[in-house]
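Student: Just need the structure, nothing else, for what follows:
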Amino acid sequence: ELMADVQAAQSQGRTIMVVRRGARYLGAIGLMDTPRDSARTVARSLRDLGIRRLIMISGDNQQVADAIAAQTGIDEAWGDLLPEDKVEAIRRLREGEHQVAMVGDGVNDAPAMANATVGIAMGAAGSDVALETADIALMADNLDALPFAVGLSRRTRRIIRENLLVSLGVVALLIPATILGLSIGLAVVAHEGSTLVVVANALRLLRYPVPEAQAE
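Tutor: Below you'll find the model as predicted:
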């Protein structure tokens with residue numbers, strides 16, 4: 001009867017601790033990690049940003065991992081993984097995907113983050129090893145910071161490209177214009193004007209929307 005209860009609890013995603021006194025089994029305690037309320041919303045936000053595949057790699061048993069993934073809307077869950085298994089999982093993903101980001105906060109996550117295209121450490125409470133290994137350290141321990149960081153980085157990259165296009169475009173126009181007779185004074189004014197345009201364009205990043213939880 002106890003084994004049936006244990007199996008039923010495991011099928012629901014619970015980690016089981018069996019209590020025994022001598023040779024007598026007294027019962028079992030089922031523990032289960034509960035995902036944060038914002039987890040499903042964050043997963044949806046990441047998909048809206050174009051993230052195609054969300055995978056949870058975990059040291060928990062496969063049934064627990066599957067249960068958490070189902071609750072949070074994650075596509076796949078890979079459980080029963082040791083730190084070296086996580087590294088191998090990231091390597092396999094990199095072989096089949098162009099870019100792989102690994103999000104973690106513990107010592108066990110650090111080797112996998114080091115092998116990912118981008119390693120992201122969550123929360124200032126995360127281990128020092130994880131924070132040092134990661135390419136990005138999100139000091140706020142809230143999941144809303146993740147889509148915010150992805151969105152902000154993409155906006156930054158787009159603005160950098162726009163600014164390069166403006167700067168190089170103006171120079172490309174001014175060189176032949178000056179050769180054809182444009183005065184140096186007007187060329188300088190045009191060049192400095194393009195600098196102001198670049199600065200103003202970069203300042204648009206200050207208007208990037210910050211999640212309410214992040215702002216607090």
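Student: Going by C-alpha atoms from here, please, whenever you check contacts or count neighbours.
Tutor: Will do.
Student: Which strand residues bridge residue 136?
Tutor: residue 120 (DSSP bridges).
Student: In contact with it, which residues?
Tutor: Residues in contact with residue 136, defined by CA atoms under 8 Å, 6 or more residues apart in numbering, are 118-121.
Student: how much space is there between it and residue 117?
Tutor: Note on residue 136: its distance to residue 117, by CA to CA, to the nearest Å, is 11 Å.
Student: and the closest residue to residue 187 other than its chain neighbours, how many neighbours?
Tutor: Excluding its sequence neighbours, the residue lying closest to residue 187 (CA to CA, 6 or more residues apart in numbering) is residue 174, at 6.3 Å. Using other CA atoms under 10 Å, residue 174 has 19 neighbouring residues.
Student: Within the helices and strands, which one has residue 174?
Tutor: helix 145-179 (DSSP states H and E).
Student: downstream neighbour of that helix in the secondary structure list?
Tutor: From helix 145-179 onward toward the C-terminus, using DSSP H and E, the following helix or strand is helix 184-202.
Student: Give me the residues contacting that next one.
Tutor: Residues contacting helix 184-202 (CA under 8 Å, 6+ apart): 159-160, 163, 166-167, 170-171, 174, 178.
Student: rerun at 10 Å
Tutor: 155-156, 159-160, 162-171, 173-175, 177-178, 203 (CA atoms under 10 Å, 6 or more residues apart in numbering).
Student: same deal with stretch 59-76?
Tutor: Against stretch 59-76 from outside (CA under 10 Å, 6+ apart): 9-15, 31-44, 52-58, 77-83, 85-86, 108.
Student: again, only this time at 8 Å
Tutor: Contacts of stretch 59-76 (CA under 8 Å, 6+ apart): 10-15, 32-35, 39-40, 43-44, 53-56, 58, 77-82.
Student: which one of the contacts of residue 136 has the most neighbours?
Tutor: So for the contacts of residue 136 (other CA under 10 Å), the most neighbours sit at residue 121, 31 neighbours.
Student: Excluding sequence neighbours, find me the nearest residue to it.
Tutor: residue 137 (4.8 Å).
Student: just residue 108 next, same as before
Tutor: Per CA to CA, 6+ apart, closest to residue 108 is residue 83, 5.2 Å.
Student: and the gap between the one you found and residue 207?
Tutor: 40 Å.
Student: So which of those two has more stuff around it?
Tutor: Neighbour count, other CA under 10 Å: between residue 83 and residue 207, residue 83 has more, with 17 against 7.
Student: Look up how far residue 5 lies from the more buried one.
Tutor: 30 Å.
Student: do residue 168 as well
Tutor: Counting by CA to CA, the gap from residue 168 to residue 5 is 69 Å.
Student: what do you get for residue 94?
Tutor: 40 Å.
Student: buried subset of the contacts of stretch 59-76?
Tutor: 10, 12-15, 39-40, 43-44, 54, 56, 58, 77-79, 81 (16 or more other CA atoms under 10 Å).
Student: Closest one of these to residue 147?
Tutor: The shortest gap between residue 147 and any of those belongs to residue 43, at 8.5 Å (CA to CA).
Student: Kind regards, and thank you for your time.
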